[in-house]
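**Q** I'd like to go over a predicted model; first the sequence, then the structure.
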Amino acid sequence: MSDGPLFHRDRTWHPKPLSPDYKTSVVRSPQKALLSMNTTLSEETGPVFAHDMLGELDNDLILNFAKPGEMALGQRIIVHGRVLDENGRGVPGALLEFWQANAGGRYRHAKEGYLAPLDPNFGGCGRTITDADGQYSFRTIKPGAYPWPNGVNDWRPAHIHFSVFGRSFGQRLITQMYFEGDPLIPLCPIVRTISDPEAVAQLIAPLDMNNTVPMDARAYTFDIVLRGRRSTMFENRMEGN
Amino acid sequence: MQKLTPLKESPSQTAGPYVHIGCVPNFCGITGVYDQDLGSTMVNDQTKGERITVTGTVFDGTGTPLKDALVEIWQADTDGIYKTGDPRGAGDPNFTGWGRAAGDYDTGIWTFETIKPGAVPFPDGRMMAPHIAFWIVARGINIGLQTRIYFPNDPMVANDPWLTRIEHQNRVQTLIAKEASPATFQFDIHLQGPDETIFFDV
Ligand SMILES: [Fe+2]
């Protein structure tokens, strides 16, 4: 028994591509039905990234852009968790890339126009690769909420963007992590592209006092689930199947 | 009755307008954190196969180019073997198989320098025509879009076991690149409209 096709995506759990309250989606969402296919080698294989590609500070956003001896401003946090597949198995060697606004809600980006100031010691990007058990962690500052042009008064809840690679190109996923207790979560048109409240809850990281480093940094736990794979027992692969 | 207890896949969220910060920081001026942006180089001078350029633009439903899209590709090597995860063996060590490119801020054009992939078997053993898998994310795209590019004038395309499953065969041409100049293949992606690219739920 070896790994077989990827589980089909539950598109009712994911956000709807056309979500009119998120205005940009109106002209950027396909209008024809997606064509459903079973995965082939082209989706079941995928790039693999080696731990030795990582720099020492890649998973430390407090230091990785800071001048020597300085640190990013903001509430110090640790984000940690596991990458799993839908079968509940840890995914080792998964590359996670994350990016976020600074403590004032400002991104370091040419197209960003929010008046909150840049932090000269904060770049806003980091990455890591899961260990043999699927575990990962990184250190950063809690990003600020920020306003964005959609409605006249829409604010993004504090969030961290995640890009995730599993073992298969068909598992490729980009998502966002939100923080427990943020009153902006239910108001956000981007959060609301997801219709099932249980699915939204899957993106909200709880405060984790057990893993909080006393007098230093609070911890938030955020597990990420990627598509699972069917076992190939009794798999018929007839011509024209 | 026993309960099935699969986990649910984490729901997708848009990559947003600042995807560059996380995925191509050097491209957007955040230097000194990573040596180079991942996926910016797929080949070296030892890579086997025919060198090609794959370039294009993603267009929205008004015909406007997306200037904030991020495109990733995954393809087999010249012998039709995937670099990693392929049960048939390891691919060309001098080819990454995976590329990532951001659209130009002014024009939206993205470009990959790669090689022409070999044919890869379909699950039933028939061969699929050489193709490159695409994954497209951007602000306004709530879940990454999956498509494929095939090559023009390829006799295998007509019998490709993936393409022949498509009901509306008149849409298959949206997956076939145009040879803009020798060894340069143009693949424009239309998110909507009469030329809407076929996107797959796969
Ligand atoms: Fe954001």
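**A** Structure's in. What do you need?
**Q** for the closest residue to residue B:6 other than its chain neighbours, which residues are in contact?
**A** Ranked by Cβ to Cβ, 6 or more residues apart in numbering or on different chains and with sequence neighbours excluded, the top spatial neighbour of residue B:6 is residue A:86, at 4.8 Å. Placement of C-beta: from N, CA and C, glycine included. Under the criterion of Cβ atoms under 8 Å, 6 or more residues apart in numbering or on different chains, the neighbours of residue A:86 are A:7, A:225, A:226, A:227, A:228, B:6, B:7, B:8, B:9.
**Q** if you set the cut-off to 6 Å instead, what comes out?
**A** The contact partners of residue A:86, taken as Cβ atoms under 6 Å, 6 or more residues apart in numbering or on different chains, are A:7, A:228, B:6, B:7.
**Q** where does the prediction get shaky in chain B?
**A** Per-residue confidence of chain B (counting by pLDDT under 70) places no residue in a weak region.
**Q** which residue ranges of it form strands?
**A** Chain-ordered strands for chain B, with DSSP state E as the definition, fall at B:51-56, B:58-59, B:70-74, B:98-102, B:110-115, B:120-121, B:127-128, B:131-137, B:145-150, B:178-181, B:184-186, B:189-190, B:200-201.
**Q** same question, chain A
**A** Along chain A, the stretches classed as strands by DSSP E are A:3-6, A:35-36, A:76-85, A:95-99, A:125-129, A:135-141, A:146-148, A:154-156, A:159-164, A:173-179, A:204-205, A:218-221, A:224-226, A:229-231.
**Q** could these go into a markdown table alongside mean neighbour count?
**A** Compiled in a markdown table, those are given as follows (neighbours: other Cβ atoms under 10 Å in any protein chain shown):
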| stretch | mean neighbour count |
| --- | --- |
| strand A:3-6 | 19 |
| strand A:35-36 | 15 |
| strand A:76-85 | 22 |
| strand A:95-99 | 24 |
| strand A:125-129 | 24 |
| strand A:135-141 | 21 |
| strand A:146-148 | 18 |
| strand A:154-156 | 19 |
| strand A:159-164 | 24 |
| strand A:173-179 | 24 |
| strand A:204-205 | 19 |
| strand A:218-221 | 19 |
| strand A:224-226 | 25 |
| strand A:229-231 | 17 |
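**Q** which among these is found nearest to chain B?
**A** Nearest to chain B among these is strand A:95-99; the distance by Cβ to the nearest Cβ comes to 3.0 Å.
**Q** who does that closest one touch, helix- and strand-wise?
**A** Contacts of strand A:95-99 with other secondary structure elements, assessed using 3 or more Cβ pairs under 6 Å, 6 or more residues apart in numbering or on different chains; DSSP states H and E, are made with strand A:125-129, strand A:159-164, helix B:19-23.
**Q** closest one to residue B:170 among these?
**A** Between residue B:170 and the helices and strands packed on strand A:95-99, the shortest gap by Cβ to Cβ is with helix B:19-23, which sits at 33.2 Å.
**Q** what are the buried residues along the closest one?
**A** By neighbour count, with 16 or more other Cβ atoms under 10 Å in any protein chain shown as the criterion, the buried positions of helix B:19-23 are B:19, B:20, B:21, B:22, B:23.
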